[in-house]
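Enquirer: I need the structure of the sequence given here:
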Amino acid sequence: MKASAVMPQRAMVLAAGRGERMRPLTDQRPKPLIEVRGRAMLDRLLDRLAAAGVAEVVVNLHHLGEMIAAHLESRDRPKILLSREPDQLLDTGGGVTKALPLLGKAPFFAANGDVVWLDGRTPAFERLASAWDDKTMDALLLLHPTVYAYGYGYGGRGDFFMDSDGLLRRRGESEVAPFIFAGIQILHPRLFKKVPEGPFSLNLLYDRAAEAGRLWGLRHDGEWFHVGTPEALKDVEDALHHLHPGAVQR
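Expert: Next up is the predicted model:
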């Protein structure tokens, strides 16, 4: 990392979703605990956060949340804090908002609990921390080229356009964008001023930040996999075996 970069010491893992498209696998197991080549997606993510030096991770819980809580009892690094959503699923924005008292006042990582990727030369968390500029950014999203995501169960039209400096623009309704959000980001707590009560999506805050010129992106320089359906899960496992035979331990 550059000398001025500061690695966030806290992170939020979004693990509360129902994983509807992964049914029937998610009928009795939360999606973050589904194994990819012998290791739960949640464990892979937490291992990377620990390797990056993140000290505390908040994990939100809703669908089959106590299974996740029990699974995490054996972990001692990083320190795990739980944010339960027992009455209703708060969606991504509402979930992070509820957890803000546990996340502090500094920028923090936020990641989907079901994201699977291979790093390039430098780990993605280090690259995000190095690229963060507190003066100009409220959110910094890791992006992956849309064209390379299609082979693993992704059939959408992308999420964002990114200029040469990294400033993001949301895809219009009739457009096809070259980048998809990879589910990993740095967020600043100031992004959550004047948010709705109850459930809402982080997309609302991305749009606000984009309008203010404070939504930025970083292109992922490794491999990224969209694990959207049971069929895609097999494709991802086959791809990981081909690209990185040792990925079962990553």
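
Enquirer: What ranges does this protein have for its helices?
Expert: For the chain, the helices defined by DSSP state H occupy 41-51, 65-72, 91-103, 124-131, 202-211, 230-243.

Enquirer: I'd like those as a markdown table, with distance to S164 appended.
Expert: Placement of C-beta: from N, CA and C, glycine included. Converted to a markdown table, the helices of the chain look like this (distance: least, CB to CB, whole Å):
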| stretch | distance to S164 |
| --- | --- |
| helix 41-51 | 28 |
| helix 65-72 | 40 |
| helix 91-103 | 28 |
| helix 124-131 | 14 |
| helix 202-211 | 17 |
| helix 230-243 | 29 |
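
Enquirer: Now the ones you listed in TSV, please, with extra columns for distance to S83 and mean neighbour count.
Expert: Output for these, formatted as TSV (distance: least, CB to CB, whole Å; neighbours: other CB atoms under 10 Å):
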stretch	distance to S83	mean neighbour count
helix 41-51	15	20
helix 65-72	10	16
helix 91-103	4	20
helix 124-131	21	21
helix 202-211	15	18
helix 230-243	27	15
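
Enquirer: Let me know which of those helices is the nearest to G217.
Expert: Nearest to G217, of all these, is helix 124-131, at 9.3 Å by CB to CB.

Enquirer: which other helices and strands contact the closest one?
Expert: helix 41-51, strand 139-145, strand 179-187, strand 215-219 (3 or more CB pairs under 8 Å, 6 or more residues apart in numbering; DSSP states H and E).

Enquirer: Can you say which of the ones you listed is nearest to E85?
Expert: Taking CB to CB as the criterion, E85 comes closest to helix 41-51 out of the helices and strands packed on helix 124-131, the separation being 16.4 Å.

Enquirer: Check which helices and strands the closest one sits against.
Expert: Identification of packing neighbours for helix 41-51 by 3+ CB pairs under 8 Å, 6+ apart yields strand 10-14, strand 56-61, strand 108-112, helix 124-131.

Enquirer: returning to that earlier point: now that we have the helices of the chain, can you turn them into a markdown table and tack on mean pLDDT?
Expert: Compiled in a markdown table, the helices of the chain are given as follows (pLDDT from 0 to 100):
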| stretch | mean pLDDT |
| --- | --- |
| helix 41-51 | 94 |
| helix 65-72 | 92 |
| helix 91-103 | 96 |
| helix 124-131 | 96 |
| helix 202-211 | 96 |
| helix 230-243 | 79 |
